[in-house]
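> turn this into a structure:
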Amino acid sequence: MRYWRISLVNPPLDEGTEKCIDMGHWLPLNLMSLSSYLVQNNYKGQIQILDQQVAGEQEMIRSLREFKPDLVGISPNMNSYHKTLEIAGMMKNAGADIVLGGAYATRLASNILKNREFIDYVIAHDGEKSLLGLAEGTGLEEIKNLVFRKAGIIIENGTEHHHAASHGEIDYSLFIDLEKYFENYRKSLNPGQYKKPVTLMTHRGCVWREKSGGCVFCSRIEPFARFDPAHEIWARLGALKEEHGIDSFIDVGDDFTGDVAWFKRLHSFRPSELKDIGIRFMYSRVNNLSLENIGILKDLNTTEICLGFESGDPRILRNSRKGHHPEQQIQTARNLSSKGINIIAAFMVGLPGESRESLDSTLKQASRILEFSNVSELIISMTTPLPGSRSFEMLMERDEGFRRKYEDADVLDIPEIQGEWIGKFCETDYGAVLEYADRMRNLSPKAFVEF
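This next block holds a predicted model:
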């Protein structure tokens, strides 16, 4: 064994970052999947999970110090990377080795190891088998997906993907207090009819990205979409209902209806004893929501769908590779309204070719969408080119100064990147984009800006 005490951490958000309005009740499936895989494969050491949704920063630090891990695994995102570095430095000084994983670390793996001596490893892409090998003492060069240093040289081992969404069953009873997440859900802004939704991973990856290259701003790391077998998902839900009394699930995948054949199998495989289980929340694309599929979602007791409308201008939608038209947005909202399924309508400003005219079209489209009574939230975000997205590649190709600054960087200056993008790929300025984001937010008390 190389490591006997492992702490797995979803870190606190960086200073000045606003919490997502749904934060607090989405289970840390990333950490739960890693810990479950270790236990199921006879790891003999001790494991701790610390999640910022239920643990404050000081509580987290205290728990880390008391546990005295010899390996700390942290899963940062762009809004928690500074806190990740603080925790990593502190725990390195306490004698632990540090490994980062997740989408942000995957995209910037070699840059992280170039710039941060106190970080020992990055696991890129799927991490279950890699973490097990690291913990048990497998030779570093034999561990797929591992990025590490050898004699000062950064070594990137070959990539290996498993071919299902869930690499082994996730144990919801290990290392977390499920009731804390249920309690946070009941205190959330819009709990609705359900009381105990559990976060579920039915699939990973986006079918649209696999087929088309994806939306211009997408930085997902999955190279292909993976869906778990329908009968396994219902067996999982049945066990969770029996053991924890769940009444619904929140699906965290990119597009629940992306593989229509799988979606229809899921519906047909539902056991009669689970007909009361609902879908509390899911993501979908406008393209896939035919009347037939909406009817299936209604029969699956779906209460809320997040839809990426992005723009009300057809030219901007084409530029962004969204694959739908503004009138489809209206018709889809109307069809979902007729079935009583709520919509979180997501719009994005600052897309390629954005102008005052297109921003005005998006403002008007958001107003039209809000006329439907089933719109529970309006989310407005600004285009943020992140590593791995086509938009980031476009910036790197266009601007030599930008490329020099960021080709080896692991810290991203988000406002600067947004400004650079708008200056080079939009037909208006940063101030106008901010103005329209604010005007959209003022359309409704149900509107929120997330940058």
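> surely K241 is in a helix?
Yes: under DSSP: H, G, I helix; E, B strand; the rest coil, K241 falls within a helix.
> how many neighbouring residues does it have?
19 (other Cβ atoms under 10 Å). Just so you know, the C-beta spots here come from the backbone N, C-alpha and C atoms, and that holds for glycine as well.
> again with E210
Neighbour number of E210 under other Cβ under 10 Å is 14.
> which residues in the stretch 101-250 of the chain form strands?
Here the stretch 101-250 of the chain has its strands, by DSSP state E, counting those that start in this stretch, at 121-123, 146-150, 153-156, 197-200, 203-204, 226-227, 248-251.
> pick the most buried one from those.
Neighbour counts (mean count of other Cβ atoms under 10 Å) averaged over each of the strands of the stretch 101-250 of the chain peak at strand 121-123, with a mean of 27.
> tell me the helices and strands packed up against that one.
strand 97-101, helix 103-107, helix 109-115, helix 128-136, strand 146-150 (3 or more Cβ pairs under 8 Å, 6 or more residues apart in numbering; DSSP states H and E).
> what's in contact with stretch 210-225?
Contacts with stretch 210-225, where a contact means Cβ atoms under 8 Å, 6 or more residues apart in numbering, come from 103, 106-107, 124-125, 161, 203-209, 254-255, 258-259, 308, 310, 319-323, 348, 351-352, 383-392, 394.
> quick one: that stretch to chain centroid distance?
Relative to its parent chain, stretch 210-225 has a centroid offset of 13 Å by Cα atoms, centre = their mean, to the nearest Å.
> buried set for it?
G214, C215, V216, F217, C218, S219, R220, I221, E222, A225 (16 or more other Cβ atoms under 10 Å).
> also stretch 330-348?
For stretch 330-348, by 16+ other Cβ under 10 Å, it's 330, 332-333, 335-337, 341-348.
> per-residue pLDDT, the closest residue to N115 other than its chain neighbours?
Closest residue in space to N115, ignoring its immediate chain neighbours: D410 at 5.0 Å, by Cβ to Cβ, 6 or more residues apart in numbering. Predicted confidence (pLDDT) for D410: 97.
> need the three-state assignment for D410.
coil.
> so how many other residues sit close to it?
23.
> hang on, the earlier thing: ranking the helices and strands packed on strand 121-123 by burial, who's on top?
strand 97-101 (a mean of 25).
> quick one: average confidence on that strand?
98.
> and it, which strands flank it?
strand 71-74 (parallel), strand 121-123 (parallel) (DSSP bridges).
> tell me how this structure divides into domains.
5-149, 189-449 (automatic domain parsing).
> dump those domains to CSV, plus distance to E169.
Rendered in CSV, the data for these read as follows (distance: least, Cβ to Cβ, whole Å):
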stretch, distance to E169
domain 5-149, 7
domain 189-449, 7
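> out of these, which is closest to D177?
domain 5-149 (7.2 Å; Cβ to Cβ).
> next one: the closest one to chain centre, how far?
So, by Cα atoms, centre = their mean, the centroid of domain 5-149 is 16 Å from its chain's centroid.
> that domain spans what distance, first to last residue?
End-to-end span of domain 5-149 (Cα to Cα, to the nearest Å): 22 Å.
> about what we covered before: switch the strands of the stretch 101-250 of the chain over to TSV; also include mean pLDDT.
Listed next are the strands of the stretch 101-250 of the chain as TSV, based on pLDDT from 0 to 100:
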stretch	mean pLDDT
strand 121-123	98
strand 146-150	97
strand 153-156	98
strand 197-200	96
strand 203-204	94
strand 226-227	94
strand 248-251	96
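> would you turn those into JSON lines with distance to V54?
Listed next are the strands of the stretch 101-250 of the chain as JSON lines, based on distance: least, Cβ to Cβ, whole Å:
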{"stretch": "strand 121-123", "distance to V54": "24"}
{"stretch": "strand 146-150", "distance to V54": "30"}
{"stretch": "strand 153-156", "distance to V54": "34"}
{"stretch": "strand 197-200", "distance to V54": "13"}
{"stretch": "strand 203-204", "distance to V54": "24"}
{"stretch": "strand 226-227", "distance to V54": "28"}
{"stretch": "strand 248-251", "distance to V54": "16"}
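> out of those, which comes closest to A432?
Here strand 248-251 is closest among the strands of the stretch 101-250 of the chain (Cβ to Cβ), at 35.7 Å.
> what pairs with the closest one, and is each one parallel or antiparallel?
Checking strand 248-251 against DSSP bridges gives partners strand 197-200 (parallel), strand 278-284 (parallel).
> ok, residues contacting that strand?
Outside strand 248-251, the residues that touch it by Cβ under 8 Å, 6+ apart are 25-26, 194, 196-202, 237, 277-283, 301, 303.
> confidence score at the closest residue to E160 other than its chain neighbours?
Leaving aside its sequence neighbours, E160 sits nearest to K144 (Cβ to Cβ, 6+ apart; 3.8 Å). In this model, K144 is scored at 98, pLDDT.
> next up, the contacts around K144.
So K144 contacts K129, S130, N157, G158, T159, E160 (Cβ under 8 Å, 6+ apart).
> from N115, how far off is I154?
11 Å (Cβ to Cβ, to the nearest Å).
> sorry, back to before: and the strands paired with strand 97-101: which comes nearest N184?
Using Cβ to Cβ, the strands paired with strand 97-101 put strand 71-74 closest to N184, at 21.8 Å.
> and the helices in the stretch 1-150 of the chain?
Taking DSSP state H, counting those that start in this stretch as the criterion, the stretch 1-150 of the chain contains helices spanning 29-40, 57-67, 81-93, 103-107, 109-115, 128-136.
> ok, so of the buried residues of stretch 330-348, who is nearest S361?
F347 (11.0 Å).
> that closest one and L363 touch, don't they?
No: using Cβ atoms under 8 Å, F347 makes no contact with L363, being 9.0 Å away.
> adding distance to V375 and pLDDT, write the contacts of K144 out as TSV.
Output for these, formatted as TSV (distance: Cβ to Cβ, whole Å; pLDDT from 0 to 100):
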residue	distance to V375	pLDDT
K129	42	97
S130	42	98
N157	46	97
G158	46	93
T159	40	94
E160	42	94
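> between those, which sits nearest N442?
T159 (45.5 Å).
> the closest one contacts G127, doesn't it?
No: using Cβ under 8 Å, T159 is not in contact with G127, being 11.8 Å away.
> more neighbours: those two, which one.
Higher neighbour count among T159 and G127: G127, with 25 against 12, using other Cβ under 10 Å.
> what's the nearest residue to that one if we skip its chain neighbours?
G101 (4.7 Å).
> separation between the one you found and N145?
G101 sits 9 Å away from N145, going by Cβ to Cβ.
> for stretch 71-78, which positions count as buried?
Buried residues in stretch 71-78, counting neighbours by 16+ other Cβ under 10 Å, are found at L71, V72, G73, I74, S75, P76, N77, M78.
> same question, stretch 308-328
Buried residues in stretch 308-328 (16+ other Cβ under 10 Å): 308-313, 315-317, 319-324, 326, 328.
> many thanks, I have nothing further to ask.
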